[in-house]
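> what's the 3D shape of this:
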Amino acid sequence: MKETFGQRFARLRKSKGYTQEQIADKVNISYQAVSKWENDISSPDISILGELANILGVTIDELLGRVDPNEVKLVDKTERKDLKNMVLKIIVESNDGDKVNVKLPMLLIKSFLDSGMAVPVSGNKALENIDFKQVFDLVEQGVIGELVNVESSDGDTVRIVVE
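You can find the predicted model right below:
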């Protein structure tokens with residue numbers, strides 16, 4: 001099922017840790033308007049789409065659902081970013097309401113793996129079975145985007161995205 005604008009907006013807002021009221025204050029509208037967007041009752045005025053996209057850290061196309069920023073892609077060797085310019089994002093949304101957003105430089109991940117140390121993301125059962133060596137190997141082969149999207153039996157969601 002395709003994500004609606006309201007669902008996408010709510011997901012993006014929550015991933016940045018903003019409340020509806022905070023978004024409303026930033027663009028000088030009522031929080032009820034934001035609620036209506038998220039419930040697909042109405043849509044934001046075109047004049048504030050750019051500002052909303054900036055606040056949420058996405059492009060207008062991503063905000064409108066025209067592109068999927070997490071789509072898995074195989075990047076040609078000639079177009080790949082250097083590892084020092086790449087980031088591994090770990091997003092955990094637990095069933096009890098906890099949210100974790102971790103951004104680690106890929107070179108740091110490489111250092112942990114080369115030294116035999118565990119990647120420092122312990123403490124969440126949903127992350128226990130993630131093989132970061134395999135994730136890193138995929139990145140070295142040119143694979144980027146959302147590489148892991150797991151929902152555990154207790155309702156925790158873990159996403160690993162490489163940009």
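
> partner strands of the helix or strand of the chain with the lowest mean pLDDT, parallel or antiparallel?
Using mean pLDDT, DSSP states H and E, strand 73-74 stands out as the lowest-scoring helix or strand of the chain, at a mean of 77. Note on strand 73-74: by DSSP bridges, its sheet partners are strand 143-151 (antiparallel).

> got the CA positions of whichever helix or strand comes after the strand it pairs with in PDB?
Per DSSP states H and E, strand 143-151 leads on to strand 157-162 as the next helix or strand towards the C-terminus. Extracted in PDB, the C-alpha atoms of strand 157-162 (Å, rounded to 0.1, in the frame of the first residue of the first chain):
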ATOM      1  CA  THR A 157      11.300  -1.500  14.200                       C
ATOM      2  CA  VAL A 158      14.900  -1.300  13.100                       C
ATOM      3  CA  ARG A 159      16.000   0.400   9.900                       C
ATOM      4  CA  ILE A 160      19.600   0.700   8.700                       C
ATOM      5  CA  VAL A 161      20.200   3.200   5.900                       C
ATOM      6  CA  VAL A 162      23.400   4.000   4.200                       C
END
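
> tell me which residues in stretch 97-114 are buried?
Across stretch 97-114, burial judged by 16 or more other C-beta atoms under 10 Å covers Leu104, Met106, Ile109, Phe112, Leu113. (Glycine included, C-beta is placed from N, CA and C.)

> Next secondary structure after the least confident helix or strand of the chain?
The element immediately downstream of strand 73-74 (helix or strand, assigned by DSSP H and E) is strand 87-93.

> I'd like the distance from that next one to the chain centre, please.
7 Å (C-alpha atoms, centre = their mean, to the nearest Å).

> Within its sheet, name the partner strands of that strand and how each one runs.
strand 99-105 (antiparallel), strand 157-162 (antiparallel).
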